[in-house]
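> What follows is a predicted structure for the sequence shown.
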Protein chains: 2
Amino acid sequence: MDQKTYRVSVRLKPSVLDPQGKTVAHALHALGFDEVQDVRIGKLIDLKLAADLPDDEVRSRIESMCQRLLANPVIEDFHLLEH
Amino acid sequence: MDQKTYRVSVRLKPSVLDPQGKTVAHALHALGFDEVQDVRIGKLIDLKLAADLPDDEVRSRIESMCQRLLANPVIEDFHLLEH
């Protein structure tokens, strides 16, 4: 069956603290990368889907996947990336 | 001080199994998203850097950050994304 890959980014909202990112920023400083001012870490999700749905419907189903499982809409933003 | 944000993707190499992705794919099937054939999950790292270095040097320093800390080059690929 034909298939197509879609890429979704899931990142903490700008107002939400990111302790993982802070830890990585400290570690980069310790390694001498003094130019680092802030680090934020999100997820990059590659979805391989059967290519038998129209593009509009795929987008709305991916949004539903994000709302229901892939992201926590209270603290995270998600975007379908073009590529 | 002026600053600029760079975005780096860190993903498992295609030959490396992704149990987290498999689990998410199963969960999406359980929710009725039968079109999902495969899921792979990577990281998306936003680096906010002081903007006082030339772009070429920034790129080589980001590559060094990935090699030394942000990625495991044995099992992961990393890319500086344009945006």
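That came through fine.
> Within its sheet, name the partner strands of the longest strand seen in chain A and how each one runs.
Scanning chain A for the longest strand, with DSSP state E as the assignment, gives strand A:36-50. Each strand that strand A:36-50 pairs with, and the sense of that pairing, follows from DSSP bridges: strand A:3-12 (antiparallel), strand B:36-50 (antiparallel).
> and the longest one, average pLDDT?
In this case it means strand B:36-50. With pLDDT averaged residue by residue, strand B:36-50 scores 97.
> Quick check: the gap between the residue lying farthest from the centre of chain A and chain B.
Of all residues in chain A, residue A:32 has its C-alpha farthest from the mean position, at 27.9 Å, by CA atoms, centre = their mean. For residue A:32, the distance to chain B (CB to the nearest CB, to the nearest Å) stands at 10 Å. Glycine gets a C-beta too; all of them are placed from N, C-alpha and C.
> so of the strands paired with strand A:36-50, which one's packed in deepest?
Counting by mean count of other CB atoms under 10 Å in any protein chain shown, strand B:36-50 has the highest mean neighbour count of those, with a mean of 20.
> What is the three-state secondary structure of the residue farthest from the centre of chain A?
In three-state terms, and counting by DSSP: H, G, I helix; E, B strand; the rest coil, residue A:32 is coil.
> Equivalent analysis for residue A:69, please.
Following three-state DSSP, residue A:69 is assigned to helix.
> Export the strands paired with strand A:36-50 to TSV and append columns for distance to residue A:22.
What follows is the strands paired with strand A:36-50, written out as TSV (distance: least, CB to CB, whole Å):
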stretch	distance to residue A:22
strand A:3-12	12
strand B:36-50	12
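> so what pLDDT did the residue farthest from the centre of chain A get?
Model confidence at residue A:32, expressed as pLDDT, equals 97.
> In chain A, where is pLDDT below threshold?
Using pLDDT under 70 as the threshold, the predicted model of chain A has low-confidence ranges A:1, A:83.
> Residue A:58 reaches residue A:6, doesn't it?
Yes: between residue A:58 and residue A:6 there is a contact under CB atoms under 8 Å: 7.0 Å.
> any residues in contact with both of the two?
Common contact partners of residue A:58 and residue A:6 (CB atoms under 8 Å, 6 or more residues apart in numbering or on different chains): residue A:49.
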